[in-house]
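In: Mind folding the following:
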Amino acid sequence: MAWGGAGPRARVVAGAVAAAGRRAVPGELAHRADRVRQVLADWAVAEVAPGRLLPWLAVAFGFGAVLYLDADTEPRLWAAVAAAGVTIALAFLARHRPIAFPLIAGVAGIAAGFAVAAAQTARIAHPVLRAPVGSAAVAGYVERREGREHTDRITMRVTSLDARRINGRPERVRLAIRKGTAPPVGSAVSLKAHLSPPLPPLRPGGYDFARDMYFQEIGASGYALGKIAVTPPVKAGGWWLAYAAFLDATRAAIDRRIHAVLEGDRGAIASALITGTRDAISTPVNDAMYISSLAHVLSISGYHMAVVAGIVFFVIRGSLALVPGLALRRPIKKWAAVAAFAAALFYLLLSGSEVATQRSFIMIGIVLIGVMMDRPALTFRTITLAAFGVLMLAPQSVAHPSFQMSFAATLALVAGYQHGLPFKADKDTPFTARLALWGGREAIGLVLASVVAGLATTPYAAFHFHRLAPYGVLANLGAMPVVSAVVMPAGILGVVMIPFGFDAPCWAVMGWGIDWMIDVVLWVARLPGSVGRVAAFGNGPLLLATLGILMLCLLRTPLRWTGALLGLAACLWAALAPRPDVLISADGDTAAIRGPDGRLALLHNGRDTFAVKEWLAADADGRPPKDASLATGTRCDATGCVGVLADGRLISMVLAIEGFEEDCTRAALVVSPRQAQMPCRATLIDRPVWQARGALALRRSGEGFDLIASRPAGTDRPWAPAPLKTKTAPLDATPRLQDIAPGDQ
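Out: A predicted model of the protein is given here:
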């Protein structure tokens, strides 16, 4: 059984497997066991063959970054660096030990990922706003501006901030402003703003927006109050601001030319494909893109980068080949690779350099550099180097859906295409047959790519967005050929023609292709059952599914099919995930309960419709946040609201101080945005509780409740600092977290 070359390490592993089997099997089963041992030994030889362990080292590195992000308190940098140094040294010393080396190298990879993530946090350390500020005078430089459907948004580097009772003075803030009023990047501005701390998770286990903002070096968010004044700069903004201003001006110029020809969603999608600014797309079309599994078209990634580099490469090479003197005497293939690399780099910078784009550029760059050096690019090594490159630059991206979905899809496609496609034509095949075979192979390739990439990204789409795309293959088959053959080539030609003033026809052609794509996604989104909703589940099923995908893609022997079993186990685990009976927002002003009908009902809805939208999505509930049925089973008056759980127990939301006296005696659970001023017999979630623990989920447990907090006890990270101490002490007779949270996690 020839699975691959067997080096010394592989032979030792095979011997260890065989020896372990001989010790474990009784004599009467020896013959059958020998055959099993031999098969397992052959598989072990293949899986530890030279070059097979390198991708797993990148996996270990990423897992180390995950462990860092999941810590309750901030790890000490010196400890992380020391652990990485010791394990790397041990791996070097054990490099000639066939079994010990892979194990120690894996541990070293985890420690290195952990240390790099800790170093990244230490490098960008900056203050985070701790409490809301109603009105602050902010002055600084505009570093980024974003167009959105109803408002614009700017990110400012703060030079001065004047406010009363501010705790944590941020160095950067992100502000929503009135549509069409965003100053150019690089402008010095001053304004009044309402500022809030970075948004914490909207529910336990939800996406941590505050962590994402922290690694973007943003310490507060909010909205502008009144007019934005452009002022003379107090000091030079530095080379980085000048670079950002140049890129923004270039992006804005291209965006204006596109919107001068294409209006509405056609112009917004065209600009998203070229400049990466996709926030201005209308909500119906944007939702339809996600429902139909074509949202990847809006995120500049491997497909776009490959199209841009490929078109430039073949156009340059084809044009130079028309000159016989050059084609015969000069390395025009390498020249074309240099031009394609430059085009890909420009596209990376122009589009904003997101994680998926970085990964794509690194992979395309490795391939093009291989062409320049007459060296073939090895696909698994290419994606491994891309993973290391992204994780070294931004280790926190391992928790971002863009990183997870991008690398999962790429890894699955690389693994799938290693097996090749059927129907290969030889030199004796007639032209018409070759043409038919080419068309058939392209169609099969498109279907397989859509299926493989869709299956690989399904766990992450379900985890982060709580929905699936049952008709994703249909949408990709209908739209992607037009995007590849019409939309992207027209867009690239349009950018090239802008300096010459003949770009309008290119945008018009691009618009025709986008019209077709919009028609396809809207049609698919209207099909029965087009939205596959999935209830939220924890990190465990996601990690198990990830391990299954890695085994399916990276293993070459039949052992890889254990990855499919892990995937099925992850699906079952996710389906059995319990759902909360009570949800409370991080500001204590919005709460939902699960009524006797099994669906969520709003006990009280403050102004946090964003949290309600996330709760409903995580509950696989398609109702909009303002649906009238969300009030079913609840009653409200001036002092508060009351609802009933499935077991008949009352849940109260107290809005006025006088409501505590009555509700604390008759309700099983009392929730309030205020602080109770009297002892309460019921389980109480008031201001001190939600201020300390963030958004909460409660599940029924006998006569009480198990509480799960988005900020577990003892949490103290730079993006989620420990709560500020208050002078008000809790009342002794009021049940607090230590009484109600035996299942706290």
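In: Can you identify each of the helices in the stretch 601-745 of the chain by residue range?
Out: 609-618, 659-666, 687-693, 737-740 (DSSP state H, counting those that start in this stretch).
In: what's the first one in contact with?
Out: Contacts made with helix 609-618 from outside it, assessed by C-beta atoms under 8 Å, 6 or more residues apart in numbering, are listed as 202-203, 206, 465-467, 533, 535-536, 583, 585-586, 590, 592, 600, 602, 605, 622-626, 630, 695. Placement of C-beta: from N, CA and C, glycine included.
In: And it, what's buried?
Out: Across helix 609-618, burial judged by 16 or more other C-beta atoms under 10 Å covers 611-612, 614-618.
In: ok now it, how far from the chain's centre?
Out: Chain-centre distance of helix 609-618: 18 Å, with C-alpha atoms, centre = their mean, to the nearest Å.
In: ok so, going back, whichever of the contacts of helix 609-618 end up buried, select them in PyMOL.
Out: Typed into PyMOL, the line below selects the buried ones among those, using 16+ other C-beta under 10 Å:
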select buried, resi 202+203+206+465+466+467+533+535+536+583+585+586+590+592+600+602+605+625+630+695
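In: Take the contacts of helix 609-618 and keep only those in strands.
Out: 467, 533, 583, 592, 600, 602 (DSSP state E).
In: Spell out the secondary structure type for Asp597.
Out: coil (DSSP: H, G, I helix; E, B strand; the rest coil).
In: Report the contact partners of it.
Out: 632-633.
In: Quick check: mean pLDDT of stretch 723-740?
Out: In this model, stretch 723-740 has an average pLDDT of 45.
In: Could you do stretch 710-720 as well?
Out: 89.
In: Indicate which one of the helices of the stretch 601-745 of the chain is closest to Leu543.
Out: For the helices of the stretch 601-745 of the chain, proximity to Leu543 was assessed by C-beta to C-beta; helix 609-618 is nearest, at 18.5 Å.
In: helices or strands up against the longest strand along the chain?
Out: The residue-count maximum for a strand in the chain (DSSP E) belongs to strand 133-147. For strand 133-147, the elements it packs on are strand 151-162, strand 172-178, strand 188-196, strand 220-230, helix 239-261, judged by 3 or more C-beta pairs under 8 Å, 6 or more residues apart in numbering; DSSP states H and E.
In: Nearest to Ala676 among these would be which one?
Out: strand 188-196 (25.1 Å).
In: how much space between the closest residue to Ile228 other than its chain neighbours and Gly134?
Out: Distances taken as C-beta to C-beta, 6 or more residues apart in numbering place Leu191 nearest to Ile228, at 4.7 Å, with adjacent residues excluded. Leu191 sits 14 Å away from Gly134, going by C-beta to C-beta, to the nearest Å.
In: Of those two, which one has the most company?
Out: Remark: of Leu191 and Gly134, Leu191 carries more neighbours, 22 against 12, as counted by other C-beta atoms under 10 Å.
In: thought the more buried one was touching Thr231?
Out: No: in this structure, Leu191 is not within contact of Thr231 by C-beta atoms under 8 Å, at 10.0 Å.
In: Report the set of residues contacting both of those two.
Out: Ala139.
In: domains of this protein?
Out: 8-123, 133-237, 254-533, 539-575, 582-740 (automatic domain parsing).
In: Check the offset of the fourth one from the chain's centre.
Out: Same thing as domain 539-575. Worked out by C-alpha atoms, centre = their mean, domain 539-575 lies 20 Å from the chain centre.
In: Ends of that domain, what's the gap?
Out: 13 Å (C-alpha to C-alpha, to the nearest Å).
In: Over to stretch 585-594?
Out: End-to-end distance (C-alpha to C-alpha), stretch 585-594: 15 Å.
In: Stretch 658-675 now?
Out: For stretch 658-675, by C-alpha to C-alpha, the gap between its terminal residues amounts to 12 Å.
In: What average pLDDT does it get?
Out: Rounded mean pLDDT across stretch 658-675 is 87.
In: in it, what's buried?
Out: 659-660, 663-664, 667-673, 675.
In: follow-up on the earlier one: any chance of the helices and strands packed on strand 133-147 in CSV with mean pLDDT and distance to Ala125 as columns?
Out: Listed next are the helices and strands packed on strand 133-147 as CSV, based on pLDDT from 0 to 100; distance: least, C-beta to C-beta, whole Å:
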stretch, mean pLDDT, distance to Ala125
strand 151-162, 90, 16
strand 172-178, 92, 13
strand 188-196, 92, 20
strand 220-230, 90, 16
helix 239-261, 85, 18
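In: Can I get the ones you listed in TSV including distance to Cys641?
Out: As requested, the helices and strands packed on strand 133-147 are arranged in TSV below (distance: least, C-beta to C-beta, whole Å):
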stretch	distance to Cys641
strand 151-162	31
strand 172-178	30
strand 188-196	25
strand 220-230	28
helix 239-261	46
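In: Of the ones you listed, which is nearest Ala479?
Out: Nearest of the helices and strands packed on strand 133-147 (C-beta to C-beta): helix 239-261, 19.4 Å.
In: for the buried residues of stretch 658-675, which one is nearest Ala253?
Out: Pro673 (47.7 Å).
In: distance of that closest one from Arg687?
Out: 7 Å.
In: hey, what's in contact with both of the two?
Out: Gly588.
In: give the contact list for Phe723.
Out: Just so we're on the same page, residue 723 is Pro rather than Phe. Counting by C-beta under 8 Å, 6+ apart, Pro723 has contacts 691-692.
In: What distance do you get for it to Gln691?
Out: On the measure of C-beta to C-beta, Pro723 and Gln691 end up 6 Å apart.
In: Could you do Arg681 as well?
Out: For Arg681, the distance to Gln691 - C-beta to C-beta - is 22 Å.
In: which of the two has more neighbours?
Out: Gln691 (17 against 14).
In: what's around Arg256, how many residues?
Out: 11.
In: Please list all residues in contact with it.
Out: No contacts exist for Arg256 under C-beta under 8 Å, 6+ apart.
In: same deal with Leu350?
Out: 247, 250-251, 254, 274-276.
In: Not counting its neighbours along the chain, what's nearest the residue most central in space within the chain?
Out: For the chain, the residue nearest the mean C-alpha position is Pro401 (1.6 Å; C-alpha atoms, centre = their mean). Closest residue to Pro401 apart from its sequence neighbours, by C-beta to C-beta, 6+ apart: His464 at 4.3 Å.
In: Ser221 now?
Out: Arg174 (4.7 Å).
In: How far away from the center of its chain is stretch 346-366?
Out: So, by C-alpha atoms, centre = their mean, the centroid of stretch 346-366 is 16 Å from its chain's centroid.
In: change the start of the numbering to 711 and stick with it
Out: With the count now opening at 711, the last piece we talked about shows up as stretch 1056-1076.
In: quick one: which of the buried residues of helix 1319-1328 is nearest to Val1161?
Out: For those, the nearest to Val1161 is Ala1327 (25.3 Å; C-beta to C-beta).
In: And the helices in the stretch 1111-1260 of the chain, which stretches?
Out: Under DSSP H, counting those that start in this stretch, the stretch 1111-1260 of the chain gives helices at 1111-1127, 1141-1175, 1182-1192, 1198-1207, 1214-1235, 1249-1264.
In: Measure how far the fourth one is from the centre of its chain, please.
Out: Spelled out, that is helix 1198-1207. That offset, for helix 1198-1207, works out to 29 Å (C-alpha atoms, centre = their mean).
In: Which strands and helices lie in contact with that helix?
Out: helix 949-971, helix 974-985, helix 1012-1031, helix 1214-1235.
In: Just say which of the ones you listed is most tucked in.
Out: Compared across those, helix 974-985 shows the largest average neighbour count, a mean of 23 (mean count of other C-beta atoms under 10 Å).
In: Next SSE downstream of that one?
Out: helix 993-1001 (DSSP states H and E).
In: chain center to that following helix, what's the gap?
Out: 18 Å.
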